[in-house]
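Undergrad: structure, please.
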Amino acid sequence: MNTVDAAGLRIGDDHPPRIMGVLNVSKESPYSPSVFDDPDEAAAYVDDELIGEGADIVDVGLESANKRFEVLSAEEELDRLDTAVETIERVEGDAVFSIETRYADVADAALEAGFDMVNDICGFADPEMPAVCEAHDAAVVKMASPPDLERPGAVEAVDDIYEALGRNGLTEKTIVDPAFGGWSEAKTLADDRETFRRLREFRGYGQPILVSINRKNFLRDVAGRATEEALPVSLAATAMAVERGAHVIRTHDVAETRDAALIGSEFARERHRERAVEELDVTTPKEAERHIDRLEGDRAAAEASVARAYEVRPPSDRRQTLVDVAADTGVVCTGGEDLFVAGTVADLEVFADRLTQASKALAGVAGEIRSSLR
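TA: Predicted structure coming up:
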């Protein structure tokens, strides 16, 4: 996993989860507590409510990305940039300042004026964005989007989200964002939940991951909570996201989110990570495929990289048949009346097929194991 240096703030597996607080200088933003158009008031909010509560990064938005509003042009964003620049100049606390934009010209002007990094909500749809960030040696968040400056995050299926993140390449200092939330009419709550379940796959790019899940609909819907009641579900998901490999959490609830992120980090599974050997965080063949693709390997190895374990209760008169088939296929099988059965996904698929051939009475057991592997 690559470590990204964002103006001295190191982001990656060997560092604590980083918290990105949010400041908006857009009147359209739906979250009014973070919206300011006066630089002095905005700076006080950043010092007291963001940095003071534990934010490592402050993300400044010039417009709302809500699909209900008109997209601002680069010129209109530049007109609002002065307020953002005046704000960060007045901030007394120490943080990395990120500019949220989709335009390379705006990113260039912001970085020139004192911003440290870029949050590109259109995922390099402006093809000049990578070059601008590299010229400033700036970290950049790349949010999954179509190649369209007017459709941030409008990608539904997880495989398509993954592909979108690779479009137009990555810089050495890119942080990937799979784009949770209602960015398009087509994207459903189920799409977001599936993306969250498969979050580890995005580690396949070998770059740090940012998630923005604060009070999002796909979490609120699970518990039946309104936005103002949704902090607990956000915090639960934050701890899970960090445990699954997220490195930056973007949030309006800084102090609480920081605590949840630290819990997720503390109880994440320890993996070997040294100069020559890094143990990968892989729990499914699909997650393995992502890393194999990056390392230019053969995808056929994916099913041999993940193991499954089961307690199996075979018919008593077919127990020995099951044990014998396991021995012939390299699957571990041990126990008494009930059996402990374990093996790689590849071996278990062969085991299930041969079990079906060996005994009709064991076809149900084989079918259950086979279905669990998908």
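
Undergrad: who are the packing partners of the lengthiest helix in the chain?
TA: Ranked by number of residues, the top helix in the chain under DSSP state H is helix 74-90. Using 3 or more C-beta pairs under 8 Å, 6 or more residues apart in numbering; DSSP states H and E as the contact criterion, the elements in contact with helix 74-90 are helix 39-45, strand 57-61, strand 96-101, helix 104-112. The C-beta positions use only the backbone N, C-alpha and C, and glycine is treated the same way.

Undergrad: for this structure, what spans make up the strands?
TA: 4-6, 9-11, 18-24, 57-61, 96-101, 117-120, 139-143, 174-177, 210-211, 248-251, 307-312, 332-335, 339-344 (DSSP state E).

Undergrad: now these in a markdown table, with mean neighbour count?
TA: Converted to a markdown table, these look like this (neighbours: other C-beta atoms under 10 Å):
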| stretch | mean neighbour count |
| --- | --- |
| strand 4-6 | 20 |
| strand 9-11 | 19 |
| strand 18-24 | 27 |
| strand 57-61 | 26 |
| strand 96-101 | 26 |
| strand 117-120 | 27 |
| strand 139-143 | 28 |
| strand 174-177 | 26 |
| strand 210-211 | 28 |
| strand 248-251 | 28 |
| strand 307-312 | 14 |
| strand 332-335 | 14 |
| strand 339-344 | 18 |
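
Undergrad: can I get those in TSV with mean pLDDT and distance to residue 229?
TA: Putting these into TSV (pLDDT from 0 to 100; distance: least, C-beta to C-beta, whole Å) gives the following:
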stretch	mean pLDDT	distance to residue 229
strand 4-6	98	33
strand 9-11	98	31
strand 18-24	96	20
strand 57-61	96	24
strand 96-101	97	26
strand 117-120	98	27
strand 139-143	98	27
strand 174-177	98	26
strand 210-211	98	21
strand 248-251	98	16
strand 307-312	97	38
strand 332-335	97	47
strand 339-344	97	42
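
Undergrad: let's have the ones you listed in a markdown table, adding distance to residue 166.
TA: A markdown table is the format used below for the strands of the chain (distance: least, C-beta to C-beta, whole Å):
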| stretch | distance to residue 166 |
| --- | --- |
| strand 4-6 | 17 |
| strand 9-11 | 20 |
| strand 18-24 | 23 |
| strand 57-61 | 23 |
| strand 96-101 | 21 |
| strand 117-120 | 14 |
| strand 139-143 | 9 |
| strand 174-177 | 9 |
| strand 210-211 | 16 |
| strand 248-251 | 19 |
| strand 307-312 | 29 |
| strand 332-335 | 37 |
| strand 339-344 | 28 |
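
Undergrad: so how far is the longest helix of the chain off the chain centroid?
TA: Taking C-alpha atoms, centre = their mean, to the nearest Å, one finds helix 74-90 lying 28 Å from the centre of the chain it belongs to.

Undergrad: may I see the buried residues of that helix?
TA: Judged by neighbour count (16 or more other C-beta atoms under 10 Å), helix 74-90 contains these buried residues: 74, 77-78, 80-81, 83-88.

Undergrad: repeat for stretch 256-275
TA: Judged by neighbour count using 16+ other C-beta under 10 Å, the buried positions of stretch 256-275 are 256-258, 260-265, 268.

Undergrad: same check on stretch 357-374?
TA: Burial within stretch 357-374, assessed by neighbour count using 16+ other C-beta under 10 Å, is assigned to 358-359, 362, 365-366, 369-370, 373.

Undergrad: which of those fall within helices?
TA: Cross-referencing the buried residues of stretch 357-374 against helices under DSSP H gives 358, 365-366, 369-370.

Undergrad: list the contacts of the residue of the chain positioned farthest from its centre.
TA: Most distant from the centre of the chain: residue 317, at 48.2 Å, with distances by C-alpha atoms, centre = their mean. Applying C-beta atoms under 8 Å, 6 or more residues apart in numbering to residue 317 gives the contacts residue 361.

Undergrad: do residue 128 as well
TA: Residue 128 sits next to 104-105 when contact means C-beta under 8 Å, 6+ apart.

Undergrad: and the gap between it and residue 205?
TA: For residue 128, the distance to residue 205 equals 21 Å [C-beta to C-beta, to the nearest Å].

Undergrad: what about the closest residue to residue 129 other than its chain neighbours, neighbour count?
TA: In this structure, residue 129 finds its nearest non-sequential neighbour in residue 104, 4.6 Å apart by C-beta to C-beta, 6 or more residues apart in numbering. Neighbour count for residue 104, taken as other C-beta atoms under 10 Å: 21.

Undergrad: again, but for residue 231
TA: Neighbours around residue 231, by other C-beta under 10 Å: 18.

Undergrad: likewise residue 173?
TA: Residue neighbour count, defined by other C-beta under 10 Å, stands at 24 for residue 173.

Undergrad: how about residue 133?
TA: Residues near residue 133, counting by other C-beta under 10 Å, number 25.

Undergrad: is it true that it touches residue 173?
TA: Yes. Counting by C-beta atoms under 8 Å, residue 133 touches residue 173, with 6.9 Å between them.

Undergrad: run through the protein and note the low-pLDDT ranges.
TA: For the chain, the stretches with pLDDT under 70 are 27-34, 64-69.

Undergrad: could the buried residues of helix 74-90 go into CSV alongside distance to residue 49?
TA: As requested, the buried residues of helix 74-90 are exported to CSV (distance: C-beta to C-beta, whole Å):
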residue, distance to residue 49
74, 29
77, 24
78, 27
80, 21
81, 22
83, 18
84, 17
85, 20
86, 18
87, 13
88, 15
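
Undergrad: domains for the chain, by residue range?
TA: Split into domains by automatic domain parsing, the chain comes to 4-266, 307-372.

Undergrad: between which two of the buried residues of stretch 256-275 is the distance greatest?
TA: Of all pairs drawn from the buried residues of stretch 256-275, the one with the longest distance (C-beta to C-beta) is 256 and 268, at 19.2 Å.
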